[in-house]
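Asker: Here is my input, please return the structure:
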Amino acid sequence: MKKTDIKYSRIWQIAYPIILGSIAQNLINFTDTAFLGRVGEIALGAGALGGLFYLAVIMLGLGFSTGAQIIIARRHGENKLKEIGPVIDQSIYFMVPVAIFTYILLRYLSIGILEFAVQSEAIFSETTEYMKIRSVGIFFAMGNMVFRAFYVGLAKTKVITYTTIVLAVVNILLDYILIFGNMGAPQMGVAGAALASVIAEASALVYFIGYTFFTINFSEYNLFRFCKPQLKRLKAILKVAIPIMMQQFISLSVWFVFFLFIEKIGEMALAVSNIIRSVYVILMIPVWGFATATNTLISYIIGLNRHDQVMPLIYKIAVLCFTGVFCIAGIGILFPELIMSVYTNDAELIALGKPVLYIIGVGALFLGVGFIFFNGISGTGKTNVSLTLEIIVLSIYLLYTYVIINYFNADVRMAWTSEMVYGTLLSIVSYLYLKSGKWKSGNI
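Answerer: Numbering: from 1, shown residues only. Purely as a prediction, here's the structure:
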């Protein structure tokens, strides 16, 4: 990587494995949705709420690992490679109790939350069955996040492609076997989708461990020395990570609330929204990949003391991201019925979902640009600022959704216009902060 310029080709070399890796949790949701759509509306709705609840909670770990990743990239840029291993060690020390806490939340506390929030008795029952099994996967997911922070921080991202392939193959195969009871297995429905996801996450972690032991020179990074916990080093990570943890947890929690609003419209609206969510996730795959690359590259070039490159680099990544989303969104806009038929053969669901596909296609373009600017702020280390901006934007997003559903009796199509509102606001506030130059002060 040149120290004076980062070209489009280099951005792509770093980003495309991350883009593939971003499929990981999202691919689980995609395959679960595609299979559960053949089971029925109740299973589809339960999979939606259970999957979103799990993602909201797992954001605590993902936020911490993103903070560690930003620091690793900064040390890489500063050529302080032996300080990277201790960052990983402290991350492991922190992630273990976080995994235990989130398991308790998912396995036990989630039942009370869902009972209070979900109106449909059938959806509540199926969702709780899903959560009982799915909660075990949190331990494997947290481990995967630590390895992901290490490799993304160093811009050695190809391994993420390999682990994603492992996760995808295992999840698809076990979904087919366990949901429908194929190959002599019991027919488990929603519970089968949860079990398949847990085993897939465990398989990905095993691959990460094996790959690391066979390909990485531990002494180069002081990796896995497991020295005693160092409060000063952990506090440095947490200073960057806590705002990201809170921001991602709040973001996914708000989306969970959005689906609770949708559930008030009816079971059919929730079922079609779960399909739309899965399609939306596909649209967001290049966004998350380029956003993660933005974190790493911005932190890296600041480590090289090249502050003048920050805005030009963000513009380049935004162009690539917009192009990627535009290509994928075009497929949904041109062939909406074909896309919907992947998930369901119910004519009513297909008809209800087609106009929503147009809305999320446009919304994803706005959100793609907004995410790049937003993650540019995080990459500078100003994660407290990004948290503040996210809270402001999400508050407006949630208020807009609540008002149009509860006071204007909006249908599912109009409810999804909230994504356009969110993407537009995020783009504007993030761009204005970056242009102000206030991010240039301070170190991590």
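Asker: For the rest of this, base every contact and every neighbour count on C-alpha atoms.
Answerer: Will do.
Asker: ranges for the strands of this structure?
Answerer: Using DSSP state E, no strands are found in the chain.
Asker: remind me which residues of it are low pLDDT?
Answerer: Judged against pLDDT under 70, the low-scoring parts of the chain cover residues 1-5, 20-30, 37, 442.
Asker: Which residue of it is positioned most peripherally relative to its centre?
Answerer: The outermost residue of the chain relative to its centre, with distances by CA atoms, centre = their mean, is residue 184 at 34.2 Å.
Asker: and that residue, what are its phi and psi?
Answerer: The phi and psi torsions at residue 184 (degrees, to the nearest 10) take the values phi 80, psi 0.
Asker: and the gap between it and residue 225?
Answerer: With the distance defined as CA to CA, to the nearest Å, residue 184 ends up 45 Å from residue 225.
Asker: just residue 435 next, same as before
Answerer: The span separating residue 435 from residue 225 equals 42 Å under the rule CA to CA.
Asker: Who has more neighbours out of these two?
Answerer: Looking at residue 435 and residue 225 with other CA atoms under 10 Å, you find the greater number of neighbours at residue 225, namely 13 against 10.
Asker: Quick check: phi and psi on that one?
Answerer: Phi and psi for residue 225, reported as degrees, to the nearest 10, are phi -80, psi -20.
Asker: list the contacts for it?
Answerer: Under the criterion of CA atoms under 8 Å, 6 or more residues apart in numbering, the contact list for residue 225 reads 85-86, 89.
Asker: Could you report the separation of it from residue 123?
Answerer: Distance, residue 225 to residue 123, by CA to CA: 47 Å.
Asker: cool, residue 348 as well?
Answerer: With distances defined as CA to CA, the gap from residue 348 to residue 123 amounts to 20 Å.
Asker: and those two? which has more neighbours close in?
Answerer: With neighbours defined as other CA under 10 Å, residue 348 and residue 123 compare such that residue 123 has more, 22 against 11.
Asker: Residue 335: how many residues sit nearby?
Answerer: The number of residues packed near residue 335 is 12, by other CA under 10 Å.
Asker: Oops, could you answer that again for residue 96 instead?
Answerer: Other residues near residue 96 number 14, with proximity taken as other CA under 10 Å.
Asker: Next one: the residue nearest to residue 333 when sequence neighbours are not counted from residue 328, what distance?
Answerer: What sits nearest to residue 333 in space, not counting adjacent residues and going by CA to CA, 6 or more residues apart in numbering, is residue 358, at 5.5 Å. For residue 358, the distance to residue 328 under the criterion CA to CA works out to 12 Å.
Asker: now do residue 419
Answerer: From residue 419 across to residue 328, the span is 17 Å (CA to CA).
Asker: any idea how far residue 436 lies from residue 383?
Answerer: In this structure, residue 436 and residue 383 are 16 Å apart, going by CA to CA.
Asker: returning to that earlier point: can you list the contacts of residue 225 in a markdown table and add distance to residue 169 and neighbour count?
Answerer: Converted to a markdown table, the contacts of residue 225 look like this (distance: CA to CA, whole Å; neighbours: other CA atoms under 10 Å):
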| residue | distance to residue 169 | neighbour count |
| --- | --- | --- |
| 85 | 31 | 21 |
| 86 | 33 | 22 |
| 89 | 30 | 22 |
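Asker: and of those residues, the nearest to residue 262?
Answerer: Set against residue 262, the nearest of the contacts of residue 225 by CA to CA is residue 89 (42.1 Å).
Asker: Show the contacting residues for the closest one.
Answerer: Taking CA under 8 Å, 6+ apart as the criterion, residue 89 is in contact with 223-227.
Asker: Among those, which one has the most neighbours?
Answerer: The member of the contacts of residue 89 surrounded by the most neighbours (other CA under 10 Å) is residue 223, with 19 neighbours in all.
Asker: Need the contacts of residue 225 in JSON lines (columns: distance to residue 39).
Answerer: Below are the contacts of residue 225 laid out as JSON lines (distance: CA to CA, whole Å):
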{"residue": "85", "distance to residue 39": "46"}
{"residue": "86", "distance to residue 39": "47"}
{"residue": "89", "distance to residue 39": "44"}
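Asker: Which of those fall within helices?
Answerer: Secondary structure defined by DSSP state H assigns 85-86, 89 of those to helices.
Asker: Show me which of residue 436 and residue 383 is the more surrounded one.
Answerer: Residue environment comparison for residue 436 versus residue 383 gives the larger neighbour count to residue 383, 25 against 9, counting by other CA under 10 Å.
Asker: how near is the more buried one to residue 398?
Answerer: 22 Å.
Asker: Repeat that for residue 181.
Answerer: 40 Å.
Asker: How about residue 10?
Answerer: In this structure, residue 10 and residue 398 are 38 Å apart, going by CA to CA.
Asker: do the same with residue 8
Answerer: The gap separating residue 8 from residue 398 is 36 Å, by CA to CA.
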